[in-house]
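Undergrad: build the 3D model from these lines:
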Amino acid sequence: MLVQVFAVFVMLAILSTLIIVHECGHFSVARFFGFQTPVFGFGLPFGPHWVVGKKWGTEFRIHACLLGGYVAIPELGDESNASEDAFGVPLKPFRKFPIWQRALVAFAGVGFNILFAYLVMLVMFLSLGQQSQPTVVTKLVPADSIAAKAGIKVNDTIIAINDKPVASTDDTVAALSSHRSELVHIQVLRDSKPMTIDVTTSDKGKVGMQLEGKGPATYKKVEGNFFDVARAALVRLYTLTASMMSAMGQMVEGLVGGGGDKSSGSHPKVSIGDLHGVLAVVKIGADIAKEDWSQLFLFTILISMDLAIINLLPWPALDGGHLAFMTFEAVRGRPMGERAQGEIVKWGFVSLIVLMVVIMVNDVRALVTGQLEYKKDKQHEDKADKTPLKDSTENATENGTSKSSDAPAVDATSTETSTGKKDSEPVTPPDSKSDAVPSK
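TA: Numbers count the residues shown, from 1 in each chain. Predicted coordinates:
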């Protein structure tokens with residue numbers, strides 16, 4: 001029990017750190033350009049709050065609802081009404097800042113989350129090494145796919161492509177995708193015996209393999225000097241982010257398209273009930289921490305990048321929404337009318353609150369029914385068809401001990417699922433059903 005409580009505390013600390021990092025991005029860049037920052041709040045601005053200090057013209061508050069954070073920047077076009085009554089602190093006369101400065105302030109939170117994720121990745125590479133997990137062929141899609149015709153079989157473990165070792169399903173997907181309509185040499189282990197199979201990829205760099213990371217994750221030291229390690233960490237973060245963005249696109253396509261027939265390989269149905277949030281993140285993350293603390297490196301990176309990706313969505317009240325309004329202003333030559341923009345932001349914020357409630361209900365239901373139970377090396381059991389698949393056939397995922405996803409996947413795109421919440425907690429942990437939509 002004590003270990004579980006400590007693990008939950010660690011997860012809450014990680015989430016709080018990511019929130020602070022995000023908000024410090026907005027705050028520091030806004031201060032640099034001279035924007036007013038009347039309030040820096042820890043938590044969502046609901047219920048009572050306590051003032052913990054005042055400095056640099058900013059009142060620092062802690063709110064009773066410790067599920068997020070925010071920085072009030074009225075000259076950016078904050079979600080609140082730009083008045084003294086809205087912030088409860090005196091404001092200076094407003095200044096009109098150029099679009100590029102406002103855009104940098106809006107992007108700063110995302111930028112800090114990306115930078116933080118990279119630093120965590122770099123620390124992991126320097127201290128533990130690059131994470132590696134056996135990549136196993138779990139299915140050939142279709143049965144007479146390119147891979148099947150070439151001689152690849154289910155349960156083959158892929159160890160290298162063109163003599164270059166692969167450490168994950170992401171590596172395998174990236175390697176195949178970089179050789180479109182080309183002959184590649186796939187080194188596999190079959191019954192513990194190494195063999196090389198020549199395969200000519202499709203024009204999309206696919207061969208029709210469904211892959212899954214199986215077995216315990218290990219770490220391998222990255223050879224070379226510091227700059228070699230730094231580059232390897234950057235490449236890993238890039239492939240990880242591409243996987244997450246692909247997974248988000250698949251989720252949206254599944255929700256909008258209404259899914260399809262699983263037997264035909266099209267997108268499985270995804271409903272609003274498949275969205276999960278902070279409670280699921282804490283539960284799964286705490287269980288992962290109990291099993292193997294080193295997995296928290298990758299878990300933190302995932303959530304930080306989730307927070308970055310989701311905040312770039314052009315949704316009102318998100319950072320991407322601010323950027324969308326600025327883009328409209330730049331194209332039009334003048335900003336959108338205050339009334340119209342205010343209505344858009346208001347209903348955008350309301351929609352996020354509604355989604356937050358729905359996600360919390362989903363989390364509680366999943367927790368009560370045991371759907372959030374983390375089972376080492378069994379994450380994909382009874383759930384192999386839960387994650388939407390891209391291009392009707394292919395995704396690539398790793399075992400939940402090292403990566404996030406619900407379904408095995410193929411060589412089109414890897415799916416490290418999980419997204420984040422605007423200026424608050426990330427949503428959808430590894431091994432949950434689907435990606436969540438942000439809520440403030």
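
Undergrad: tell me where the stretch 1-150 of the chain has strands.
TA: 39-55, 58-72, 130-132, 135-140 (DSSP state E, counting those that start in this stretch).

Undergrad: give me whichever of the ones you listed is most buried.
TA: strand 135-140 (a mean of 22; mean count of other C-beta atoms under 10 Å). C-beta coordinates here come from the backbone N, C-alpha and C atoms, glycine included.

Undergrad: what strands line up against that one, and which way round?
TA: Applying DSSP bridges, strand 135-140 is found paired with strand 157-161 (antiparallel), strand 209-213 (antiparallel).

Undergrad: and the strands in the stretch 151-300 of the chain?
TA: Using DSSP E, counting those that start in this stretch, strands in the stretch 151-300 of the chain cover 157-161, 164-165, 183-190, 193-200, 209-213, 218-220.

Undergrad: let's have these in a markdown table, adding mean pLDDT and distance to Gln341.
TA: Formatted as a markdown table, the strands of the stretch 151-300 of the chain follow (pLDDT from 0 to 100; distance: least, C-beta to C-beta, whole Å):
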| stretch | mean pLDDT | distance to Gln341 |
| --- | --- | --- |
| strand 157-161 | 91 | 50 |
| strand 164-165 | 86 | 51 |
| strand 183-190 | 92 | 51 |
| strand 193-200 | 92 | 53 |
| strand 209-213 | 84 | 45 |
| strand 218-220 | 84 | 49 |
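
Undergrad: most neighbours per residue, which of the ones you listed?
TA: Highest mean neighbour count among the strands of the stretch 151-300 of the chain (mean count of other C-beta under 10 Å): strand 209-213, with a mean of 28.

Undergrad: in CSV, list the strands paired with strand 135-140 along with distance to Val350.
TA: Shown next, in CSV, are those (distance: least, C-beta to C-beta, whole Å):
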stretch, distance to Val350
strand 157-161, 48
strand 209-213, 40
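
Undergrad: so which of these is nearest Leu296?
TA: Taking C-beta to C-beta, strand 209-213 is the member of these nearest to Leu296, at 17.5 Å.

Undergrad: picking up where we left off before, out of the strands of the stretch 151-300 of the chain, which comes closest to Gln371?
TA: Here strand 209-213 is closest among those (C-beta to C-beta), at 19.8 Å.

Undergrad: tell me the gap between the closest one and the middle of its chain.
TA: Put simply, strand 209-213 sits 20 Å off its chain's centre (C-alpha atoms, centre = their mean, to the nearest Å).

Undergrad: next one: stretch 305-316
TA: 9 Å.

Undergrad: can you get me the start-to-end distance on it?
TA: 20 Å (C-alpha to C-alpha, to the nearest Å).

Undergrad: go on, stretch 119-138?
TA: Termini of stretch 119-138 sit 34 Å apart (C-alpha to C-alpha).

Undergrad: average pLDDT for that stretch, rounded please.
TA: Averaged over stretch 119-138, pLDDT sits at 90.

Undergrad: any idea how far the residue nearest to Ile20 when sequence neighbours are not counted lies from Val123?
TA: Nearest in space to Ile20, with sequence neighbours left out and distances taken as C-beta to C-beta, 6 or more residues apart in numbering, is Gly69 at 6.7 Å. Counting by C-beta to C-beta, to the nearest Å, the gap from Gly69 to Val123 is 23 Å.
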